[in-house]
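Enquirer: Quick one, fold the following:
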Amino acid sequence: MEDIFRTLQERGDCNRFLRLINETDMDNIISGVGPYTVFAPTDSAFDNLHPSFHQMEPDFKQSKIIVSNHIITWIYRSRDLRRVDEVTTMSNNNLAIERHNEGLIVGSAKIIETDIECTNGILHIIDLVLI
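Expert: Residues are numbered from 1 along each chain as shown. Okay, the predicted model is just below:
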């Protein structure tokens, strides 16, 4: 078992999120002690962003907020997420949690893979970028 950062590197399907993490020096955080919950958008989640997002050049502060919107400073496994109505991100935003027959929704993103155990927390893979 690896830390969250290393686990994301090994997956190969969240490279654009990893690039943002590296650009904002947040790699030090999600490879740190934790505990963290990270909602990691896939590369295809970035492809689904509005074209205007790809045309703009987000600055360091904006990029850091985007990454922080995906990190919780506590461990929330899927069973825990089913018991709460919202979670608060590192950027101090509240993300609503919805429960459906087909799974869990965090913010507006569907969790497509849950409960990936890491040494410093838990990783969930999502289908949208939480902006």
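Enquirer: Residue for residue, what is the longest strand the protein has?
Expert: Identified as the longest strand of the chain according to DSSP state E is strand 109-118.
Enquirer: and residue 22, which of the three is it?
Expert: helix (DSSP: H, G, I helix; E, B strand; the rest coil).
Enquirer: where's the residue most central in space within the chain, which helix or strand?
Expert: The chain has residue 39 as the residue nearest its centroid, 2.4 Å off, counting by Cα atoms, centre = their mean. For residue 39, the element it lies in under DSSP states H and E is strand 36-41.
Enquirer: Mind exporting the C-alpha coordinates of that strand to CSV?
Expert: Extracted C-alpha coordinates of strand 36-41, given in CSV (Å, rounded to 0.1, in the frame of the first residue of the first chain):
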residue,chain,number,x,y,z
TYR,A,36,-6.9,12.6,3.8
THR,A,37,-9.8,11.8,1.6
VAL,A,38,-9.1,12.7,-2.1
PHE,A,39,-11.7,12.8,-4.8
ALA,A,40,-9.6,12.4,-7.9
PRO,A,41,-11.0,13.2,-11.3
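Enquirer: Next one: residue 89 relative to residue 130, how far apart?
Expert: Noted for residue 89: a distance of 8 Å to residue 130, by Cβ to Cβ, to the nearest Å. Just so you know, the C-beta spots here come from the backbone N, C-alpha and C atoms, and that holds for glycine as well.
Enquirer: actually residue 100, not the one I wrote
Expert: Counting by Cβ to Cβ, the separation of residue 100 from residue 130 is 18 Å.
Enquirer: okay, the two: which has more neighbours?
Expert: Using other Cβ atoms under 10 Å as the criterion, residue 100 and residue 130 rank with residue 130 on top: 20 against 8.
Enquirer: Test my guess that that one contacts residue 110.
Expert: No: using Cβ atoms under 8 Å, residue 130 makes no contact with residue 110, being 11.7 Å away.
Enquirer: quick one: least confident helix or strand in the protein?
Expert: Counting by mean pLDDT, DSSP states H and E, the chain has its least confident helix or strand at helix 51-55, which shows a mean of 58.
Enquirer: Sweet, I'm off.
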